[in-house]
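J.: predicted model follows, preceded by the sequence.
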Amino acid sequence: MNLLFLTPQLPYPPQHGGALRAYNLIRVLAQRHQITLLSFVRSPADLDRAGPLHHCCRRIEIVPAPLRSRWQRALSVLLSPEPDLALRLVSAEFQGRLETLLREDHFDVIQIEEIMLARYGPALGTNVSPRPRLVFDTYNAEYVLQQRAFETDVRDPRRWVGALYSLIQWRKLRSYEARICRYFDCTVVVSEADAAALRALDPNLPLAVVPNGVDVAHYADYLPSTDDPVLPPNSLVFTGKMDFRPNVDAVLWFVDSVLPLVRQQVPDVRFYIVGQSPLPRVQALATNPDVVVTGRVPDVRPYIAGAAVYVVPLRIGGGSRLKILEALAMGRAVVSTSLGCEGYPLTAGRELVIADEPEEFARAVVQLLRDPARRAELGRAGQRFTAERYDWGAIVSFLERVYLRQVTVTSQVTVT
């Protein structure tokens with residue numbers, strides 16, 4: 001097939017959830033199909049760093065990402081009927097480049113990645129014959145993420161500005177997501193929970209669940225090098241893009257409410273926050289001698305490999321977390337909140353430990369730090385889980401079935 005992908009940023013290097021998913025879908029699809037990629041970039045130099053994308057894609061087109069001032073964004077939050085996410089990548093140049101591609105080539109499938117680009121869907125294929133199949137890979141129900149953010153932030157007066165933002169976006173996203181998904185032949189989400197959330201907006205939406213995956217060999221076969229950072233024995237690790245609100249909330253909550261309880265029993269514990277673009281309030285956590293904020297690293301695997309326990313203290317979010325699969329594929333013992341591992345059929349106590357309250361979370365971490373055999377047992381179970389269910393090769397075959405109409409895509413379909 002001839003496929004056109006639209007992405008909000010070049011999905012290489014794959015250093016956060018959206019880029020990881022888009023890159024791996026493209027990487028595996030390119031083995032059997034032709035791919036054209038149209039993407040926004042922050043700088044033309046981004047294309048020079050796109051590495052393997054040049055080998056995966058027959059053609060890559062880039063457009064500068066539009067800039068919005070804080071005032072423009074604030075006004076749109078207050079006055080626009082559309083949600084903030086829908087306004088971030090409004091570009092006449094992108095629209096023009098897309099129309100040129102449609103004139104110059106015929107595509108069997110056009111796939112839009114993430115809600116920021118969904119606005120370009122309604123006009124696709126209206127003047128093209130035969131009409132391409134339109135697929136919207138939205139990952140999760142965004143309104144649920146904002147609802148959860150509001151319900152979390154409103155409890156803390158210091159976060160009431162964020163709570164107000166989330167309340168406004170929650171209401172706008174409910175209407176926007178219900179409307180925009182109707183334009184597509186299929187909307188793809190990563191979990192049954194997200195399918196149910198979108199189905200609640202409109203029971204007739206054509207939905208399919210195509211879960212997140214992991215490059216199992218890339219993580220499971222990792223061999224440490226002498227250049228890798230050496231983490232102390234009782235190291236806890238969290239990885240993620242550190243200007244992403246759910247991740248920020250997670251590490252703030254963990255450092256404030258969980259880490260002091262762990263330190264009472266394990267005085268030499270060290271918590272590593274690994275990920276690009278840490279906000280100032282995340283960077284400030286490094287003033288705590290028990291916390292290390294690394295910023296962007298070339299490879300997260302040395303940090304995951306060095307973790308005695310990998311923690312996922314998420315309290316906000318939707319979809320499913322790729323970071324869970326990465327840690328499980330590397331055989332790490334994982335402690336997660338219920339929300340942090342949502343979207344995967346994991347069994348508490350078999351592949352990971354689930355804890356939601358600070359005391360419970362701290363107790364689970366301390367028990368694992370003191371029990372290497374239990375950590376190894378969980379690690380082996382986690383590796384089996386990812387290898388059997390979530391390698392990207394199998395995930396892409398699910399997506400191809402949607403492309404080829406080999407499933408009847410209805411509001412009840414799950415492609416697994």
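T.: Received it, and whenever you're ready, just let me know what you need. Numbering: from 1, shown residues only.

J.: tell me the spacing between the nearest residue in space to residue 51 that is not next to it in sequence and residue 56.
T.: Distance criterion CB to CB, 6 or more residues apart in numbering; nearest residue to residue 51, sequence neighbours excluded, is residue 12 at 5.5 Å. Placement of C-beta: from N, CA and C, glycine included. Using CB to CB, to the nearest Å, residue 12 is found at 9 Å from residue 56.

J.: same deal with residue 78?
T.: As judged by CB to CB, residue 78 and residue 56 stand 41 Å apart.

J.: tell me which of the two has more neighbours.
T.: Ranked by neighbour count (other CB atoms under 10 Å), residue 78 and residue 56 place residue 56 first, with 21 against 8.

J.: show me the contacts for the closest residue to that one other than its chain neighbours.
T.: Among residues not flanking residue 56 along the chain, residue 30 sits closest, at 3.9 Å (CB to CB, 6+ apart). For residue 30, the contacting residues are 55, 56, 57, by CB atoms under 8 Å, 6 or more residues apart in numbering.

J.: now do residue 245
T.: Under the criterion of CB under 8 Å, 6+ apart, the neighbours of residue 245 are 149, 162, 316.

J.: now the closest residue to the first one other than its chain neighbours: how far from residue 144?
T.: Once its chain neighbours are removed from consideration, residue 149 has its nearest residue in residue 166; the separation is 4.1 Å (CB to CB, 6+ apart). Separation of residue 166 from residue 144 (CB to CB): 11 Å.

J.: what about the helices in the stretch 101-250 of the chain?
T.: Taking DSSP state H, counting those that start in this stretch as the test, the helices found in the stretch 101-250 of the chain are 142-153, 160-180, 192-201, 216-220, 245-253.

J.: could those go into a markdown table alongside mean pLDDT?
T.: Formatted as a markdown table, the helices of the stretch 101-250 of the chain follow (pLDDT from 0 to 100):
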| stretch | mean pLDDT |
| --- | --- |
| helix 142-153 | 92 |
| helix 160-180 | 94 |
| helix 192-201 | 94 |
| helix 216-220 | 91 |
| helix 245-253 | 95 |
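
J.: let's have those helices in a markdown table, adding distance to residue 208.
T.: Shown next, in a markdown table, are the helices of the stretch 101-250 of the chain (distance: least, CB to CB, whole Å):
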| stretch | distance to residue 208 |
| --- | --- |
| helix 142-153 | 18 |
| helix 160-180 | 16 |
| helix 192-201 | 8 |
| helix 216-220 | 23 |
| helix 245-253 | 24 |
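
J.: quick one: which of the ones you listed is nearest residue 345?
T.: helix 192-201 (9.5 Å; CB to CB).

J.: quick one, phi psi at residue 98?
T.: phi -60, psi -40 (degrees, to the nearest 10).

J.: so who does it touch?
T.: 6, 38, 120, 124.

J.: now stretch 269-278, how far from the chain's geometric center?
T.: Relative to its chain's centre, stretch 269-278 lies at 17 Å (CA atoms, centre = their mean, to the nearest Å).

J.: in that stretch, which residues are buried?
T.: Neighbour counts over stretch 269-278 (16 or more other CB atoms under 10 Å) mark 269, 270, 271, 272, 273, 274, 275, 276, 278 as buried.

J.: contact partners for the fifth one?
T.: Read it as residue 273. Shown in contact with residue 273 (CB under 8 Å, 6+ apart): 238, 242, 251, 282, 285, 291, 292, 293, 294.

J.: now for this protein, the helix or strand with the poorest mean pLDDT.
T.: Using mean pLDDT, DSSP states H and E, the weakest-scoring helix or strand in the chain turns out to be helix 70-79, at a mean of 85.

J.: now for that one, which elements pack on it?
T.: Counting by 3 or more CB pairs under 8 Å, 6 or more residues apart in numbering; DSSP states H and E, the packing neighbours recorded for helix 70-79 are helix 84-87, helix 160-180.

J.: and the first one, what does it pack onto?
T.: Using 3+ CB pairs under 8 Å, 6+ apart as the contact test, the elements touching helix 84-87 are helix 70-79, helix 160-180.

J.: hang on, residue 336 packs against residue 353?
T.: Yes - contact status for residue 336 versus residue 353: in contact at 7.5 Å, counting by CB atoms under 8 Å.

J.: neighbour count: these two, which is higher?
T.: Between residue 336 and residue 353, counting by other CB under 10 Å, residue 336 is the more crowded of the two (27 against 22).

J.: where's the residue of the chain most remote from its centre relative to residue 109, distance?
T.: No residue in the chain sits farther from the centre than residue 129, which is 34.1 Å out by CA atoms, centre = their mean. Note on residue 129: its distance to residue 109, by CB to CB, is 15 Å.

J.: again with residue 286
T.: On the measure of CB to CB, residue 286 and residue 109 end up 45 Å apart.

J.: more crowded one of these two?
T.: Each of residue 286 and residue 109 has its neighbours counted (other CB under 10 Å); residue 109 has more, 22 against 15.

J.: that one reaches residue 130, doesn't it?
T.: No - with contact defined as CB under 8 Å, residue 109 and residue 130 do not form a contacting pair (11.8 Å).

J.: what number of residues are in the vicinity of residue 190?
T.: Using other CB under 10 Å, residue 190 has 26 other residues around it.

J.: no more questions from me, cheers.
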